[in-house]
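S.K.: Sequence and predicted structure, then a few things I'm wondering about:
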Amino acid sequence: MSPLGNVIVRLLYPAYYAMAKRGGDRHYNAARAADQAARAMESGEPAWAIKLARLSVAADPSSPVGYAALGSVYRKAGEEGFARKTFEQGLDFASRDTRLLLGLADLELAARNAGRAR
């Protein structure tokens, strides 16, 4: 996202959050916020990425899209405990979602490799 785009999104965040909570096309809002969260993480802005990923969950709490985004952001930010909890919460809504299952598997693999390195 361009620097100007980041400024615009940040200025409009309260309105965007209200719109996401109100409805509209909830799945689209969730997917868009998840995409923006991934871009923020790639830009080195983990705090902003977490806010956007939380917005994705708020936009459509029954969709795995937001949980997968939030779990991935937490994982990349080094918050494995929060990542695991988020992936597991998402599985309550979509027990066979591959993004959530792969996120948990990735955490498990990393934990096993860390145990071997000690």
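M.R.: Done, it's in.
S.K.: how about low-confidence regions in the chain?
M.R.: 1-24, 117-118 (pLDDT under 70).
S.K.: just the helices in this protein please.
M.R.: 3-22, 26-42, 46-59, 64-76, 80-93, 98-117 (DSSP state H).
S.K.: Point out the most buried one among those.
M.R.: Ranked by mean neighbour count under mean count of other Cβ atoms under 10 Å, the helices of the chain are led by helix 64-76, which reaches a mean of 26. No exception for glycine: its C-beta is placed from N, CA and C like everyone else's.
S.K.: Just the CA coordinates for that helix, please, in PDB.
M.R.: C-alpha atoms of helix 64-76 as PDB (Å, rounded to 0.1, in the frame of the first residue of the first chain):
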ATOM      1  CA  PRO A  64     -12.300 -18.000   9.100                       C
ATOM      2  CA  VAL A  65     -10.700 -15.200   6.900                       C
ATOM      3  CA  GLY A  66     -10.100 -12.900   9.900                       C
ATOM      4  CA  TYR A  67      -8.900 -15.600  12.200                       C
ATOM      5  CA  ALA A  68      -6.400 -16.800   9.700                       C
ATOM      6  CA  ALA A  69      -5.100 -13.300   9.100                       C
ATOM      7  CA  LEU A  70      -4.900 -12.400  12.800                       C
ATOM      8  CA  GLY A  71      -3.200 -15.700  13.700                       C
ATOM      9  CA  SER A  72      -0.700 -15.200  10.900                       C
ATOM     10  CA  VAL A  73       0.100 -11.700  12.000                       C
ATOM     11  CA  TYR A  74       0.500 -12.800  15.600                       C
ATOM     12  CA  ARG A  75       2.800 -15.600  14.500                       C
ATOM     13  CA  LYS A  76       5.000 -13.200  12.400                       C
END
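S.K.: Show me the contact partners of it.
M.R.: Outside of helix 64-76, the residues within contact range by Cβ atoms under 8 Å, 6 or more residues apart in numbering are 27, 30-31, 33-34, 37-38, 41, 46, 49-50, 52-60, 80, 82-84, 86-87, 89-91, 93-94, 97, 99-100, 103, 106-107.
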